[in-house]
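*Asks:* need a structure here:
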Amino acid sequence: MADGLAGALAIGVAAATPAAAQEKPGSLGLGIFTFTSGPAAAYGMPGKNAADLIIEEINAKGGIEGVPVRATYVDEAQGAQGVIAEYRRLAADAQNQVMVAALSSANCLALAPLAEQLEVPTVGWNCDTHQLLIDGKRKYVFRPNGNTVPEFIAYAIYLLDRKPDVKTVAIINPDYAFGHDAAKIFTAALKALKPDVEIVAELYPKLGSPNYQTEISRLATARPDVVFSNLWGADLENFVRQAAPRGIFTSSQVILALGETVLQRVPLPDGVIVGVLGDGWWMSPDAKANPETAKFAERYKARFGEYPVFPSIKMANTLIYVKAAYKAAMQKNGGKWPTRAELADAMKGSKVATLTGTAQTRADNDGLVDQIVGVTVKTSGQQFPVIGDMVRYKGESLMPQAGQDPFAWISTLKPEFAKSLPKPGSYK
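*Replies:* Model (predicted):
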C-alpha cells in the first residue's frame, strides 16, 4: 500500500552490522498459510483474496523497498503434518524470508517452535489463541492482530452495558481450542463483572457440523437471556439459517462474535451483537476516514463480488505490517537488504499504521489492537445489515501485562473497570 498507509515507527530496533547485510534479492518470497479448501475456506479465502490485492498493489508500486513480492499459498486444510512439511520446505529457500502463518490457532502453535528453531520471522495473520506467546520467549513469532483475551472480554463488557440485568447465558461454540478458550474467557469476564450470572448451557458441536437442530432445541428449552457464540465460516452460516426460523434471535439477545463475516450472506435481524475480533471493520469511522481503506474495499468488491470481511482486513493489515518492518530494518542498516534476524528485530516493539487503526507490538511480540463491537442495524446505504451503536476499546485496556496469567488478571476485574471504558454508541 502507499507509504503513508504502511509507515512504521519501529521502536527498539537492534542496529545491524555491515557484515549482516545482504544484497537485494530478485524477489521476496512470502509463505502465506490459510484455508483455501474445506469448510474453513469460508474464512480463509477472504484472507487469500486480500493478500492477492495487497501484493498486487505493492508490486505495482515497485515492491517492498524495490523488491517484487511473490506469494506461495499453503492450504491449511491438509492438516498439521502437511502444514509443518510445507513450512520446512519454504523456509529452506532463503528468498522466502517471512512466513505469514497461520489462520488456525492449532497450526500456529505447531509452527511456533519450528519458527524459533529455523529462525524464520513468522507473523500470525489470525492465530487468536492467547497461548501462542504467553511464555514471552519467542524471538521470531509475532502476532500484530491481538488475541482471544481482549477479543472476548470486549463482548462481556459490551453485553453488560446494553443488558445490565442479564441473568442467564447459554454458549454454543465449536468443539476445539478456539471455542473452548473463548467460552472460558467470556464466562470468566462475566463472572468477574457480574457474579450472579448463570451459565445455563454450554454446547460444543463438532467443527464442520451441517445440522444444529439438536443444539437449537436445547437453546429454545433453556430460554436464556443471552446466547453467545463464536461459530464461524460455514458453521455460523448454517447455525443462523437454522436458528432464525425457530425464534432464537427473538427470545434471546444473541452475540455472534464473528458475525460480521456473514452480514453480506445471511439475513440477520437488528440488534445482534457482532464484532470483528480486533479493529478490522472496513466501515468504521477510522477506516472511512482513510482513503486507502476505501479504495481497498471498492477494489475488493469489484474483484470478488462482496466487500471485505474482517479476515480480509486482518490479512491486509498483516502484510502492511511486514512491509513496514522491511522499511524500518533498512533504515537502521543503511539501506541494505535485511537478514531474517534483522527483520525480526524490526518487528519487535513496532508501531504500524494499518487500514483500520494501529498495530503495536509489545515486548512479548503480541499485538495491541483496538476492539470494535456493535449491533446489527439496517441502513439505506447498504442492502445488508451493518454494525451500529459501535464502541472502540483501546487494545491495551483489555490486555493483561506481558507475562501475567490472563485468567488471574480477568478475575481481578471489577464493575468499576467496565465503567471506566467507552460506552456503546460512543464510536462515531
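*Asks:* alpha carbons only for contacts and neighbour counts from here, please
*Replies:* Will do.
*Asks:* I'd like the next helix or strand past the host helix or strand of K295.
*Replies:* For K295, the enclosing helix or strand under DSSP states H and E is helix 291-304. Of the helices and strands lying after helix 291-304 in sequence (DSSP H and E), the nearest is helix 310-332.
*Asks:* Give me the angle between that following helix and helix 291-304.
*Replies:* Relative orientation of helix 310-332 with respect to helix 291-304: 130 degrees, computed using axes from the mean of the first three to the mean of the last three CA atoms, to 10 degrees.
*Asks:* can I get the CA coordinates of helix 310-332 in PDB?
*Replies:* What follows is helix 310-332, C-alpha atoms only, in PDB (Å, rounded to 0.1, in the frame of the first residue of the first chain):
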ATOM      1  CA  PHE A 310     -12.600  -8.900   8.900                       C
ATOM      2  CA  PRO A 311     -10.300 -11.800   7.900                       C
ATOM      3  CA  SER A 312      -9.600  -9.900   4.700                       C
ATOM      4  CA  ILE A 313      -8.700  -6.800   6.800                       C
ATOM      5  CA  LYS A 314      -6.500  -8.900   9.200                       C
ATOM      6  CA  MET A 315      -4.500 -10.300   6.300                       C
ATOM      7  CA  ALA A 316      -4.200  -6.900   4.600                       C
ATOM      8  CA  ASN A 317      -3.000  -5.300   7.800                       C
ATOM      9  CA  THR A 318      -0.500  -8.100   8.400                       C
ATOM     10  CA  LEU A 319       1.100  -7.500   5.000                       C
ATOM     11  CA  ILE A 320       1.200  -3.800   5.700                       C
ATOM     12  CA  TYR A 321       3.000  -4.700   9.000                       C
ATOM     13  CA  VAL A 322       5.500  -6.900   7.100                       C
ATOM     14  CA  LYS A 323       6.200  -4.100   4.600                       C
ATOM     15  CA  ALA A 324       6.700  -1.600   7.400                       C
ATOM     16  CA  ALA A 325       9.200  -4.000   9.100                       C
ATOM     17  CA  TYR A 326      11.400  -4.000   5.900                       C
ATOM     18  CA  LYS A 327      11.400  -0.300   5.800                       C
ATOM     19  CA  ALA A 328      12.300   0.100   9.400                       C
ATOM     20  CA  ALA A 329      15.100  -2.600   9.200                       C
ATOM     21  CA  MET A 330      16.600  -0.900   6.200                       C
ATOM     22  CA  GLN A 331      16.500   2.500   7.800                       C
ATOM     23  CA  LYS A 332      18.600   1.000  10.600                       C
END
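*Asks:* can you start the count at 28 instead of 1 from here on
*Replies:* That works, and once the first residue is 28, the last one we named lands at helix 337-359.
*Asks:* among the helices and strands of the protein, which has the poorest mean pLDDT?
*Replies:* Least confident helix or strand, the chain: strand 35-36 with a mean of 36, by mean pLDDT, DSSP states H and E.
*Asks:* Could I get the average pLDDT for the helix or strand just after that strand?
*Replies:* Using DSSP H and E, the helix or strand that directly follows strand 35-36 along the chain is strand 55-61. Confidence over strand 55-61 (mean pLDDT, whole number) is 98.
*Asks:* And the strands in the stretch 128-277 of the chain?
*Replies:* Residue ranges of the strands in the stretch 128-277 of the chain, as given by DSSP state E, counting those that start in this stretch, are 149-150, 168-169, 195-199, 225-230, 253-256.
*Asks:* Next: the stretch 278-427 of the chain.
*Replies:* Remark: strands of the stretch 278-427 of the chain, listed N- to C-terminal, are 280-283, 300-302, 378-380, 385-388, 394-395, 398-404, 413-420; assignment by DSSP E, counting those that start in this stretch.
*Asks:* what sits up against the fourth one?
*Replies:* If you take CA atoms under 8 Å, 6 or more residues apart in numbering as the criterion, strand 385-388 is touched by 169-172, 348, 374-380, 394-397.
*Asks:* ok, K350 touching I91?
*Replies:* Yes - shown here, K350 and I91 form a contact pair, counting by CA atoms under 8 Å, at 6.1 Å.
*Asks:* Apart from its neighbours in sequence, what residue is nearest K218?
*Replies:* Spatial nearest neighbour of K218, chain neighbours left out: V224 (6.4 Å); criterion: CA to CA, 6 or more residues apart in numbering.
*Asks:* next one: phi and psi at the one you found?
*Replies:* phi -70, psi 140 (degrees, to the nearest 10).
*Asks:* which residues touch it?
*Replies:* Under the criterion of CA under 8 Å, 6+ apart, the contact partners of V224 comprise 193-196, 217-218.
*Asks:* now it: how far from L425?
*Replies:* V224 is 21 Å from L425, where distance means CA to CA, to the nearest Å.
*Asks:* cool, P451 as well?
*Replies:* Distance, P451 to L425, by CA to CA: 16 Å.
*Asks:* thinking again about what came up before, identify whichever of the strands of the stretch 128-277 of the chain lies nearest to E242.
*Replies:* With respect to E242, and counting by CA to CA, the nearest of those is strand 225-230 at 6.8 Å.
*Asks:* Might you report the residue contacts of V125?
*Replies:* Neighbouring residues of V125 by CA under 8 Å, 6+ apart: 56-58, 147-150, 367.
*Asks:* can I get those in a markdown table with distance to I300 and neighbour count?
*Replies:* Rendered in a markdown table, the data for the contacts of V125 read as follows (distance: CA to CA, whole Å; neighbours: other CA atoms under 10 Å):
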| residue | distance to I300 | neighbour count |
| --- | --- | --- |
| G56 | 39 | 22 |
| L57 | 36 | 22 |
| G58 | 35 | 22 |
| V147 | 39 | 26 |
| P148 | 36 | 28 |
| T149 | 33 | 27 |
| V150 | 29 | 29 |
| R367 | 42 | 18 |
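*Asks:* From these, pick the one nearest N123.
*Replies:* Ranking those by separation from N123, with CA to CA as the measure, puts G56 on top at 4.1 Å.
*Asks:* ok, the spatially most central residue of the chain - contacts?
*Replies:* What sits nearest the mean C-alpha location of the chain, by CA atoms, centre = their mean, is N153, with 4.6 Å. Listed by CA under 8 Å, 6+ apart, the contact set of N153 reads 128-132, 170, 172, 338, 341-342.
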